[in-house]
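Undergrad: Pasted the sequence and its predicted model underneath.
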Amino acid sequence: MRLVLLGPPGAGKGTQAARLVAKYQILHLSTGDMLRAATEAGTPTGLAAKEIMARGELVPDSVVVKIIEDRIAESDAAKGFVLDGFPRTVAQARSLDTMLAAKAQKLDAVIELEVDPEKLVDRIVKRAEEARRLGLPVRKDDDPAVFATRLAAYRAQTAPVSAYYRETGLLKAVNGMEPIDAVTRALGTALERHLHV
Ligand code: AMP
């Protein structure tokens, strides 16, 4: 199974992706996680991305497309994957189609977590508080000012990706404002329905 999870930052993509991974035994491919790992490892890609990420802007398409292309070429990706945080631009979505077509593969579904943008800042502040309480590292880009830039990048560059997938009939929308377990159930139902029509 090959899935994409769409939705603005703070929509709960990471949480729901982890549950899809457990349910379907697929890989969780988060470009944000991969970029943070590259930054920590000090690779050239990581170093180039570091400042851009700290500002809350998008890393160039060519960089993230290469990361995903390399990762899905690995043998364990054959069992399927859920993409979290990719594609974030229509150009990335087109590149993904091209790289999958070259392997005679395609996406099975794209699930969008619909959330109220007004409530996202609140959520992100809570995410940072929770991390602090648990003694976990707090993401620098969860700072409210940087988060506003991330939200603006989402509106300008990522929102059109939904329309791209709506046109291909792959898009399923789920209300992401419900409690986590309810979102998981709704997502499961939407996916099962979509796969069995
Ligand atoms: P995330 O963990 O998905 O919120 O991503 C954190 C940051 O990594 C984003 O704010 C971007 O700077 C960068 N990033 C992650 N995925 C992408 C992508 N597909 N395209 C461009 N930049 C990305």
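TA: The structure has been received and is ready for your questions.
Undergrad: Taking this structure, what residue is nearest to the ligand?
TA: G32 (2.0 Å; CB to the nearest ligand atom). C-beta here means a position set from N, CA and C on the backbone, and glycine is covered the same way.
Undergrad: ok so that residue is a helix residue?
TA: Yes - judged by DSSP: H, G, I helix; E, B strand; the rest coil, G32 forms part of a helix.
Undergrad: Excluding covalently adjacent residues, which one is nearest to A54?
TA: K140 (6.0 Å; CB to CB, 6 or more residues apart in numbering).
Undergrad: S95 too?
TA: Using CB to CB, 6+ apart, the closest residue to S95 is V65 (4.5 Å).
Undergrad: what's the answer for P8, then?
TA: Nearest to P8 is Y154, by CB to CB, 6+ apart, at 4.5 Å.
Undergrad: show me the contacts for the one you found.
TA: Y154 is in contact with P8, P9, R88, counting by CB atoms under 8 Å, 6 or more residues apart in numbering.
Undergrad: Sort those by pLDDT and name the bottom one.
TA: Lowest in pLDDT among those is P9, which has 92.
Undergrad: Run a quick neighbour tally on that residue.
TA: 23 (other CB atoms under 10 Å).
Undergrad: Was I right to think it contacts T149?
TA: No - in this structure P9 lies outside contact range of T149 using CB atoms under 8 Å: 10.1 Å.
Undergrad: ok, now which ones touch R88?
TA: With CB under 8 Å, 6+ apart, R88 has these contacts: T31, L58, V64, A153, Y154, Q157, T158, V161.
Undergrad: May I have the secondary structure class of the second one?
TA: Okay, so that is L58. coil.
Undergrad: Numbering from 44 from now on, please.
TA: In the new count, where the first residue is 44, that last one comes out as L101.
Undergrad: Does it touch T132 like I think?
TA: Yes - shown here, L101 and T132 form a contact pair, counting by CB under 8 Å, at 7.0 Å.
Undergrad: Pull up the overlap in contacts between those two.
TA: With CB under 8 Å, 6+ apart as the test, L101 and T132 both reach Q200.
Undergrad: List the ones among the contacts of R131 that fall in helices.
TA: T74, V107, A196, V204 (DSSP state H).
Undergrad: Chain neighbours aside, what residue packs nearest to the third one?
TA: Spelled out, it's A196. L101 (5.3 Å).
Undergrad: cool, the second one as well?
TA: Computed as CB to CB, 6+ apart, the closest residue to V107 that is not its neighbour in sequence is T74, at 5.0 Å.
Undergrad: The lowest-mean-pLDDT helix or strand in the chain: which residues count as buried?
TA: The helix or strand with the lowest mean pLDDT-type score in the chain, counting by mean pLDDT, DSSP states H and E, is helix 160-176 (a mean of 87). Judged by neighbour count (16 or more other CB atoms under 10 Å), helix 160-176 contains these buried residues: L163, R166, I167, R170, A171.
Undergrad: circling back to that earlier point, name all residues that make contact with the residue nearest to V107.
TA: Applying CB under 8 Å, 6+ apart, the residues near T74 are V107, I110, I111, L126, D127, G128, F129, R131.
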